[in-house]
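Asks: Below: sequence and its predicted model.
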Amino acid sequence: MKTRNHSARGLAAFGLAALPLAVHAQSNTAAPASTSVELNPMVVTAALAPRTADQSLSSVTVIDEAALRRQDPVSITDVLRGQPGVDVSTNGSFGKVSNVYIRGTSNNQSLLLIDGIRLRSASLGGASWHYLDPRMFERAEIVRGPRGSLYGADAVGGVIQLFTPEGKEGDPQPSISVGGGSFETQRYSASLSGAEGGTRYHFAASRFDTEGVPVRRGGDEKSYDNTSGLVRLSHTLDGGAEVGMLALRATGNTEFDAGGFPADTDYVQQVAGVYGELPITDTWLSRLTLSEARDESVNYAYNSNFNTKTDTARWKNTLHLGPHELILGAEHVEDSVEGSDTGFLGSYDVESRHNTAVFAQGLLDFSPVSLQASLRHDDNEAYGEEVTGSLALGYDLNANHTLRANYGTAFKAPTFDDLYYPGFGNPDLEAETSETLELGVRGQFESWFWDAAAYQTDIENLIAGQTLRDNVPTSRIRGIELSAGYNLDTWIVATALTYTNPENRSGIYEGNRLPNRATQSLRVDVDRELGDWSLGASWIAQNQRYSDPDNQERLPGYGIVNLRAGWEFAPMWSARLNVENVLDKQYATAKFFDGDDYINAGRAAFVSVHFGP
């Protein structure tokens, strides 16, 4: 279901966690699976260049292939829920509308990238996270804090990038997984991956089908199905040049509640792109990427369809200047909603717009001091020009501790709904703008790490309004994040605690908490390897939130416990058992327009058998 929301989505404050971190990456290359965890992972999203977590001068979390395999999640939102600075609200379980909030900003104030390609709804603005199958990805990077100067519009709260697998040298590696469980759920997936003679390939397909659970108390089950396919190819030429392509498509159907009568939505999520990378000199690398992303749906309850497309051409040049790097680039984006129909209100008055941008970033290393500075200029056909920038300063206190300070600006672009939705849009809207200041420190040791950050984000010209959209002075979000990770011998432990104060600063709601945000969040993850066996548990807890700006509709806090076990019973063969919400807690993170709760699934068990590396 793609629910049309013409008021500012409730922004939820964050949950926490540091699931075991691990990744070894160069550019967009991910590491092989491992039961161990690298506590200072390499990230590429934070600075457009490979940097370890402490060198990135950012608040970052990496979820690697090993963590994804241990959790074996049903939805990508299950992976993100409770990560440091990240909260998830859902209109029920299994393919129902989900919103991901980073540091208290809304779903359309943060970016989703898939291998560098932006995926979102050009009409709503945010990503449809609930339609992505986690088995299509092998790594996720979560960068908290503004990145408007690197990625342009909407990177106010942060950026989440999902990486698809890349073929590794050696014989072709097939993989098959079959599973099922509660609510008549069935899961199937298969892949083939390898590399030879400079050519790397990965092909994958998956199928998910469930009868689902009710989304309101006393209601009927709401089903969901998803069929996904992935192709990734690349080839390295003599001399170091590289060409490649990516195609990912998810399609299916989800049922939802439309005021008491049956309703369902057909959907399509798709990204496709080609790239070429050329070493101009020993110190100059140039990369051109051409991509297309689609977010489409047909809502049978309201007789509406929304077909949004984003075409992007992005040119990035990296210059290596001794210990320093300079990144220069340009980007052209075409957004369109051609063929969209809102139902009885009709179609959009304007169906396309374009944005052209140039950007630059310097990564300077004067050990023990490091500096990152970036600047970007966007010129949009619909709402004019915006300039964003950021400055980050790092200082190595000693071999184990790095102090960081960040200042960054960002903006959120008005969506097609904001500007042109029949009867509600306002073509005179200005873009939202923000300023964020962050101070942090990271302790990095051989078998453990800790990280602390405090930040404040001020947002102006928030786009709001139940009827006609308008710009209003809005909010201030303050927060503190504490996280730690431990990896020694057979134990992997991670914990994080977050406090945030998301406050409305204008109008009749001044002083109230912004809707759909918790102020306190805790997550603890514990995993242990026992020879051929592995055991693990996660505890996620959050306090109450309000679903309305006047803070009258209260959603109670909750705590859930998830258990998991794995068994490698033969070479290349393994089995997994996951029990979600083992204490069968009833909880909700969003409400219907009539004040009733959207309820999530109770206790659920899933078992699966895997063949492959």
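Replies: Happy to help now that I have it. Numbering: from 1, shown residues only.
Asks: okay, CA-based contacts and neighbour counts for the rest of this
Replies: Noted.
Asks: what residue ranges in this structure score low on pLDDT?
Replies: 1-38, 260, 465-468 (pLDDT under 70).
Asks: Just the helices from it, written as ranges.
Replies: Assigned by DSSP state H, the helices in the chain fall at 65-71, 76-80, 148-151, 416-420.
Asks: want to try JSON lines for those, with mean neighbour count and distance to Gly179 as columns?
Replies: Below are those laid out as JSON lines (neighbours: other C-alpha atoms under 10 Å; distance: least, C-alpha to C-alpha, whole Å):
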{"stretch": "helix 65-71", "mean neighbour count": "21", "distance to Gly179": "14"}
{"stretch": "helix 76-80", "mean neighbour count": "20", "distance to Gly179": "17"}
{"stretch": "helix 148-151", "mean neighbour count": "26", "distance to Gly179": "38"}
{"stretch": "helix 416-420", "mean neighbour count": "24", "distance to Gly179": "40"}
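Asks: can I get those in TSV with distance to Thr45?
Replies: Formatted as TSV, these follow (distance: least, C-alpha to C-alpha, whole Å):
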stretch	distance to Thr45
helix 65-71	17
helix 76-80	16
helix 148-151	9
helix 416-420	27
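Asks: closest to Gly612 out of those?
Replies: Counting by C-alpha to C-alpha, Gly612 lies closest to helix 65-71 out of those; the figure is 12.1 Å.
Asks: list the helices and strands the closest one packs on?
Replies: If contacts are counted by 3 or more C-alpha pairs under 8 Å, 6 or more residues apart in numbering; DSSP states H and E, helix 65-71 sits against strand 558-570.
Asks: for the helices of the chain, which one sits closest to Arg478?
Replies: Closest to Arg478 of these is helix 148-151 (C-alpha to C-alpha; 19.3 Å).
Asks: chain center to the closest one, what's the gap?
Replies: Averaging C-alpha positions (C-alpha atoms, centre = their mean, to the nearest Å) puts helix 148-151 16 Å from its chain's average.
Asks: which other residues reach that helix?
Replies: By C-alpha atoms under 8 Å, 6 or more residues apart in numbering, the residues outside helix 148-151 that reach it are 47-48, 154-156, 359-361, 374-377, 387-390, 408-411.
Asks: Those, buried ones only, as a ChimeraX selection?
Replies: Only the buried entries of the contacts of helix 148-151 go into this ChimeraX selection, using 16 or more other C-alpha atoms under 10 Å:
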select :47,48,154,155,156,359,360,361,374,375,376,377,387,388,389,390,408,409,410,411
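Asks: Leaving out the residues flanking it, which one is nearest to Ile480?
Replies: Nearest non-adjacent residue to Ile480, counting by C-alpha to C-alpha, 6 or more residues apart in numbering: Ala454, 4.4 Å away.
Asks: ok so, going back, just tell me which of the helices of the chain ends up closest to Asp266.
Replies: Taking C-alpha to C-alpha, helix 76-80 is the member of the helices of the chain nearest to Asp266, at 19.1 Å.
Asks: what's the distance between Tyr224 and Thr436?
Replies: 39 Å (C-alpha to C-alpha, to the nearest Å).
Asks: Now do the contacts for the most centrally placed residue in the chain.
Replies: Most central in the chain under C-alpha atoms, centre = their mean is Ile160, positioned 3.7 Å from the mean C-alpha point. By C-alpha under 8 Å, 6+ apart, Ile160 lies in contact with 110-113, 140-143.
Asks: Most widely separated two among those?
Replies: Ser110 and Ala140 (14.7 Å).
Asks: Which strand residues bridge the residue nearest to Gly229 when sequence neighbours are not counted?
Replies: Leaving aside its sequence neighbours, Gly229 sits nearest to Ala205 (C-alpha to C-alpha, 6+ apart; 4.3 Å). Beta-bridge partners for Ala205, by DSSP bridges, are Ala190, Gly229.
Asks: wait, doesn't Phe256 sit right on Tyr224?
Replies: No: using C-alpha atoms under 8 Å as the test, Phe256 is too far from Tyr224 to be in contact (9.3 Å).
Asks: how far away is Gly180 from Trp129?
Replies: The value you get for Gly180 to Trp129, if C-alpha to C-alpha is used, is 22 Å.
Asks: Same check on Gln520?
Replies: 23 Å.
Asks: and what of Gln586?
Replies: Distance, Gln586 to Trp129, using C-alpha to C-alpha: 23 Å.
Asks: who has more neighbours, the two?
Replies: Neighbour count, other C-alpha atoms under 10 Å: between Gln586 and Trp129, Trp129 has more, with 22 against 14.
Asks: burial of Asp594, as a residue count?
Replies: Count around Asp594 with other C-alpha under 10 Å applied: 7.
Asks: can you check Pro279 too?
Replies: There are 16 residues near Pro279, going by other C-alpha under 10 Å.
Asks: Thought Asn317 was touching it, still the case?
Replies: No: using C-alpha under 8 Å, Pro279 makes no contact with Asn317, being 9.6 Å away.
Asks: Mind listing the shared neighbours of these two?
Replies: Counting by C-alpha under 8 Å, 6+ apart, the shared contacts of Pro279 and Asn317 are 285-286.
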